[in-house]
Structure formats: structure tokens, C-alpha cells
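> here is my input, please return the structure:
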Amino acid sequence: MAKILLEVNHLSKRFCSDPKLALRYTIQDIFWEFRRRAEGENYLRQGEFWSLYDVNLQLKAGEVLGLVGHNGAGKSTLINLITGILRPTLGEVRWNTNQVVMIDNQSGLNAVQTGRENIYNKLSMYGVNEQQIKKNIHNIIDYSGIESFIDAPVGTYSTGMRLRLAFSIYTQLHPDIFIIDEALGGGDIRFQQKFQIYLRDYVEKGGAILLVSHQIPQIKSLCHRVILLNQGQVYDTGEPDTIIHTYNELIEQSYSQSIDNNLSQQANKDEDLITGEKFGTVKIEQVEVVATDGKEIFPGSQVQIQLTCHSQLDKYPILIGFALRKDELFLMANMTGIYGDQHYQIKAGQNEFRCTINQLPLLPGKYQLEVYVVDYDTHDILGRKGIRDQLYSFEVKGLADPSLNFSRSSKCLFHIPVQWE
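As a prediction, this is how the structure comes out:
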């Protein structure tokens, strides 16, 4: 059984958003520290919030544990508690090793010193003796690929060059744990792949990694388990594919709620935008987008848009239009049924209308329709759905095989003419 190198038990951290109250609470907490109170209380005082609450995890030798979550989910707070930068309000961090190396996107290099001097200083800080550094310095420089600039101040390096040098230094260290905080996105693709090969070899030899990243491909390729944080708590834990799917759903749900709130607020502000005596005489009750073969919708599918509405007008000439949106925000296209002198005629009571799109020119994703019924003569809006109420949503599915998905979607691409100068 693999050795447990790191244990986090019921870890919690609270902060105060009011600076004056925060100062008062800090003094109170110091006083209670002198009174030898064991730990913080499990409640919030006025102005406080939980940045992290009741988090538990274990990291074993030979394991890569991923940590994902949106900005503000508590990842940085957790790392700062684990590394001892912050003290927990509740819970504990238990280390079963003292050989830990932290890698962050700041690289930890001195901008005034040269690359060569940074190699000596950084490795010396981690206990590597001078003789060993001299023996391996050529390998480090060669690994970084910045031989021409190794004696220039690091402050003149690009971000990618600094990270390449830092990663090259880390290859000479053999800790029990690497904590990598948003640091694998620097440098070119080849160097990233090169360093990831080193990390895989490191893990196979018994090393462990705690990886914090927004780079989903890195999480999928490196991690054995992933923890998803949301609002300071562990939302889910499991295999990378499962957690990434949950993570994407969580982001989409959060984004949709944000858009809904914005649309609702905007609708209240724009209450008088839609004018006309006859507005509301047609009530749109239902909108559906379905594949004509009765199956799921894919790129290039033949689809039918079905509209059901109730009218107070009888034998009245109308036009029907649709606005296609992405992410409930970005207008992609407008579609209007029947052009020129032709029009639909609506009757009093229940009405059903259908239109067909032979090849749907959309890639996989979620889309929304805003629907409106317009007076043919005056173009006044008689009924509309999708501004004050929720847009109708439909999903274009992707095929399991990416190459087949691309092949199918490419068949429905449309041509946009341009004029070259």
C-alpha cells in the first residue's frame, strides 16, 4: 500500500470582508491564542465568510491529485493553508514528509541575477551542494534550451524563458511531493510536453504531485484523481473524465444563472422598448427544434422548428422570425419565414406553424431561439418570446469520434463571399 504523504482533515478558513471588523477579530483571535484555545470556532461573525470549509484530502506516493474549480472556488486558499502561508480556522494539515517543492507561475527567480546565478542560488536553497551543481549545470542549461541567454539577467527573459529555466532547475530536485500551482502553461508546447514526460517519470518512481490548473488537457493527461472545489467546499471527487464533465456542467450552470439574472435586470430596465397597440395579442406558448428523423440533432441534420401560439386576431397577415443566439447572449443569425409579398395568416385561437432547415449549419453546442410574430403591414410586434422570459434552448450533439464529427459538420459549412483589395 502506497505511503500517505499529505493529509488534510476538516480544513476551514474564514475571512472578514470589513477591514475594521477584521482588525478587531484579529486582536480577539490573538487573545484567545494566548488563552491556549485549541482552534477557531465553527461559526461566522458579522462580515465574515468561509473561503474554505471542511475540506478533506489525502495524497499518496506515486499519485497525481488534481485540484480544479472556477476563480474564487478556494484553490489558492487551500494551497496557502497546505504550505503554511495561512493558518487554518479549523482542521489540520498533516505532513508525513519534509521534502516538498512548490512550483508556481512566478517561477521564484531573481530578476537581477543571471540565469546561471539563479541556478546556483535556487539549487543551493534546496540543499544541493556546489559540487553537484557544477556537475549538472550543463545538463540544466541544455534542458532549458536558452544557452544563448544563460548569462543575461533573468529580468530580460520572456515569461516563457523564465519558466523554462525554472522547470529545468526543478528537474534536478527529487522531493517526495511537487505542488504545482498554475505553472504548466508557460513555455512552448514542445517544452511543456518535455516537462510533462519528466513529471510522469518522476511519479512512476514514487513521487507525488498536487496539481492546480485550469488547463483541462493537463488535468486529464497527468492526474489519477481530481477534486472539484466550489464555493470553498469539495463539490465532487473522482476520476479525471468524470470530474471534468461535472466541472463543465457546473460552469455552464453558473454562467446560465448569471446570464438569466442579467437578462432579467435588463428586461426590467427596457420595459418600454416593445411598443404598439397590438403587442400581446399573440401569445407564443411553445417552441421546439426537432430532428425530422426523430433522433438527436447533429451538425448537418435536417431539423424542423415548430411554433405553437394563441391569437386574439383572426385572419390576420403576419411574419414569423427567429433570432439564434449562443450562450444566451451573442446573436448569431436571424431567420424570417416567407419573403416578399408572401406571408402567413393567423387565425383566432390556437395556431401551429412549422419550418424546415435542410442542413443545420451549427457545430456541437447549446443554442437558444428568440421568437417573434410581426404584423405583416406595419412590422409591429404582436408577440415575442425570449426577452422577458426564458429563451428556448436546444443542443446540437457531437459525435463520439472527433474525426467523424468534423467530417459531418464540414458538410454544412456555408460560404461567405469577400472582396480582396
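> neighbours of Thr281, how many?
18 (other CB atoms under 10 Å). C-beta: built from backbone N, CA, C; applies to glycine.
> for it, give me the pLDDT.
The per-residue pLDDT reported for Thr281 equals 88.
> tell me where the stretch 1-150 of the chain has strands.
4-16, 48-60, 64-68, 90-95, 100-104 (DSSP state E, counting those that start in this stretch).
> alpha carbons of the last one, as PDB, please.
Same thing as strand 100-104. Written as PDB, here are the backbone C-alpha positions of strand 100-104 (Å, rounded to 0.1, in the frame of the first residue of the first chain):
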ATOM      1  CA  VAL A 100       8.300  19.300  -0.700                       C
ATOM      2  CA  VAL A 101       8.900  21.700  -3.600                       C
ATOM      3  CA  MET A 102       6.400  24.400  -4.600                       C
ATOM      4  CA  ILE A 103       6.200  25.400  -8.300                       C
ATOM      5  CA  ASP A 104       4.100  28.500  -9.200                       C
END
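> list the buried ones in it?
By 16 or more other CB atoms under 10 Å, the buried positions in strand 100-104 come out as Val100, Val101, Met102, Ile103.
> go ahead and confirm the second one touches Ile169.
By that I understand Val101. No. Val101 is beyond contact range of Ile169, at 10.0 Å (criterion: CB atoms under 8 Å).
> sorry, back to before: reformat the buried residues of strand 100-104 as JSON lines; add distance to Ile177.
Shown next, in JSON lines, are the buried residues of strand 100-104 (distance: CB to CB, whole Å):
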{"residue": "Val100", "distance to Ile177": "5"}
{"residue": "Val101", "distance to Ile177": "7"}
{"residue": "Met102", "distance to Ile177": "9"}
{"residue": "Ile103", "distance to Ile177": "11"}
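> in CSV: those, plus distance to Leu382 and pLDDT.
CSV is the format used below for the buried residues of strand 100-104 (distance: CB to CB, whole Å; pLDDT from 0 to 100):
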residue, distance to Leu382, pLDDT
Val100, 68, 91
Val101, 68, 88
Met102, 64, 87
Ile103, 62, 84
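> how's this protein carved up into domains?
4-99+174-249, 282-397 (automatic domain parsing).
> can you map out the helices along the stretch 101-250 of the chain?
Secondary structure of the stretch 101-250 of the chain (DSSP state H, counting those that start in this stretch): helices at 115-125, 130-144, 159-170, 189-204, 216-222, 240-269.
> where does the stretch 301-421 of the chain have low pLDDT?
327-330, 337-342, 387-391, 399-421 (pLDDT under 70).
> could I get the full set of helices for it?
Using DSSP H, counting those that start in this stretch, helices in the stretch 301-421 of the chain cover 402-410.
> of the strands of the stretch 1-150 of the chain, which shows the lowest average pLDDT?
The lowest average pLDDT among the strands of the stretch 1-150 of the chain, as it happens, falls on strand 100-104, at a mean of 86.
> and it, how far from the chain's centre?
Its chain's C-alpha centre and that of strand 100-104 lie 23 Å apart, by CA atoms, centre = their mean, to the nearest Å.
> could you check the angle strand 4-16 makes with it?
50 degrees (axes from the mean of the first three to the mean of the last three CA atoms, to 10 degrees).
> can you list the strands that strand 100-104 pairs with?
If you go by DSSP bridges, strand 100-104 pairs up with strand 177-181 (parallel).
> tell me the average confidence for the strand it pairs with?
91.
> got a list of what Ala183 touches?
Ile103, Asp104, Asn105, Ser107, Leu163 (CB atoms under 8 Å, 6 or more residues apart in numbering).
> about what we covered before: I'd like the strands of the stretch 1-150 of the chain as JSON lines, with distance to Lys75 appended.
Listed next are those as JSON lines, based on distance: least, CB to CB, whole Å:
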{"stretch": "strand 4-16", "distance to Lys75": "12"}
{"stretch": "strand 48-60", "distance to Lys75": "9"}
{"stretch": "strand 64-68", "distance to Lys75": "6"}
{"stretch": "strand 90-95", "distance to Lys75": "15"}
{"stretch": "strand 100-104", "distance to Lys75": "12"}
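> for those strands, which one sits closest to Arg200?
Closest of the strands of the stretch 1-150 of the chain to Arg200 is strand 64-68, at 8.8 Å (criterion: CB to CB).
> one step back: how about the domains of the chain in a markdown table, adding distance to Tyr126?
Formatted as a markdown table, the domains of the chain follow (distance: least, CB to CB, whole Å):
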| stretch | distance to Tyr126 |
| --- | --- |
| domain 4-99+174-249 | 8 |
| domain 282-397 | 46 |
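> returning to that earlier point: out of the helices of the stretch 101-250 of the chain, which one sits most buried?
Of all those, helix 159-170 has the most neighbours on average by mean count of other CB atoms under 10 Å, namely a mean of 23.
> and the angle for that helix with helix 115-125?
Using the same axes, to 10 degrees: helix 159-170 against helix 115-125 is 40 degrees.
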